[in-house]
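Chemist: Give me a 3D structure for the following:
(4 chains)
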Protein chains: 2
Amino acid sequence: MARPESEHPTELELEILKVLWDESPLPVREVRARLETEADRPLAHSSVITMLNIMHRKGFLRRRKDGKAFLFTPKVKKESVSGGMMGDLLSRVFDGSPSAMMLNLLETADIDADELAELRKLINRKAKERQS
Amino acid sequence: MARPESEHPTELELEILKVLWDESPLPVREVRARLETEADRPLAHSSVITMLNIMHRKGFLRRRKDGKAFLFTPKVKKESVSGGMMGDLLSRVFDGSPSAMMLNLLETADIDADELAELRKLINRKAKERQS
DNA sequence: GTAGAATATTTAATTCTTTAGATGATCTTA
DNA sequence: TAAGATCATCTAAAGAATTAAATATTCTAC
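Modeler: Residues are numbered from 1 along each chain as shown, chains lettered A, B, ... in the order given. Predicted coordinates for the structure are as follows:
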């Protein structure tokens, strides 16, 4: 009768993953500090522990005891999470059409000339790869 | 102490919006039928009403009485919702870098030669627009 | 050894999301 | 006009997400 647990990280979970992708392993205390300074998310110590444990249960993190404290490490790669979330949006919003998604990106995001050149390069590289 | 209401439609809300973007206005009964056939989402009549009313409260839908039944119409455009969700992902996952997002799309999605050509065309068109 | 610091565990409160039963109102038709 | 169909409202249940207080444990410094 309720929403099933998402396979993708939630808002806060993603913030925590970002902290740990940037550097890990980290103890709770450190994760808490960085959430405050880097993500402007000041949480109580116990809140952070709760989240970290939930994420451990979900399989997003690895947890290892170091003395009396736990150290946390991401178990999922940044690329795979991004890819999963992109794929999700691609299928749910754009009915699986990459060019529809791309078009939206071009229209919505404010992209300067350098970025456009960069994008063109990416496409050319991809086109070359395909030929092999 | 809890999660704030999202500015973007949730999973089920998006399915309902898709139905209504495809054709509207529609009465509850019709929305229900299409959710079952098109989205493989068989819900009780009252469940659909509840959702539609929530979405009305959130400002996603317009509601108008037709005889004894209500007719529902989207109040938000497909492009604006897609754009919002893309922008959200762009900032939250790719730190606002469109080319990082694009790269991910190219790597993850399985894009054929025609799609690639299409994407190149989109970029060229955008580049031309920028010059004006 | 005792006070305090640093940890983790337990518990729970709040809001959101999803689902739907029970009930009531109104219309149609036999 | 009474029964059934059709629709809305009210109510609520249960899981998910977010936050944190209260409590217990263990280490450290005096």
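Chemist: which parts of chain A sit against DNA strand C?
Modeler: A:1-3, A:27-29, A:45-46, A:49-50, A:53, A:68-70 (CB under 7 Å from any atom of the strand). All C-beta spots, glycine's among them, are computed from the backbone N, C-alpha and C.
Chemist: Okay, and which of those map to helices?
Modeler: Among those, the members found in helices (DSSP state H) are A:28, A:29, A:45, A:46, A:49, A:50, A:53.
Chemist: Run a quick neighbour tally on the fourth one.
Modeler: Here the neighbour count serves as a burial measure; for residue A:46 (other CB atoms under 10 Å in any protein chain shown) it reads 10.
Chemist: In chain A, what residue spans correspond to helices?
Modeler: Using DSSP H, helices in chain A cover A:11-22, A:28-39, A:45-58, A:78-94, A:98-108, A:113-131.
Chemist: Counting by contacts, list what the fifth one packs against.
Modeler: By that I understand helix A:98-108. helix A:78-94, helix B:78-94, helix B:98-108, helix B:113-131 (3 or more CB pairs under 8 Å, 6 or more residues apart in numbering or on different chains; DSSP states H and E).
Chemist: what's the most buried one of those helices?
Modeler: Greatest average neighbour count among the helices and strands packed on helix A:98-108 goes to helix B:98-108 (a mean of 20), per mean count of other CB atoms under 10 Å in any protein chain shown.
Chemist: what does that helix contact?
Modeler: Helix B:98-108 is touched from outside by A:79, A:82-83, A:86-87, A:90, A:98, A:101-102, A:105, A:109, A:111, A:115, A:118-119, A:122-123, A:126, B:89-90, B:93-94, with contacts defined as CB atoms under 8 Å, 6 or more residues apart in numbering or on different chains.
Chemist: How about stretch A:125-132?
Modeler: Outside stretch A:125-132, the residues within contact range by CB under 8 Å, 6+ apart are B:106, B:111, B:113, B:116, B:120.
Chemist: what two of these are the furthest from one another?
Modeler: B:106 and B:113 (13.1 Å; CB to CB).
Chemist: check whether stretch A:66-83 contacts DNA strand D.
Modeler: Yes - Stretch A:66-83 reaches DNA strand D (CB under 7 Å from any atom of the strand) through A:67, A:68.
Chemist: Span of that stretch from start to end?
Modeler: Across stretch A:66-83, the terminal residues are separated by 32 Å (CA to CA, to the nearest Å).
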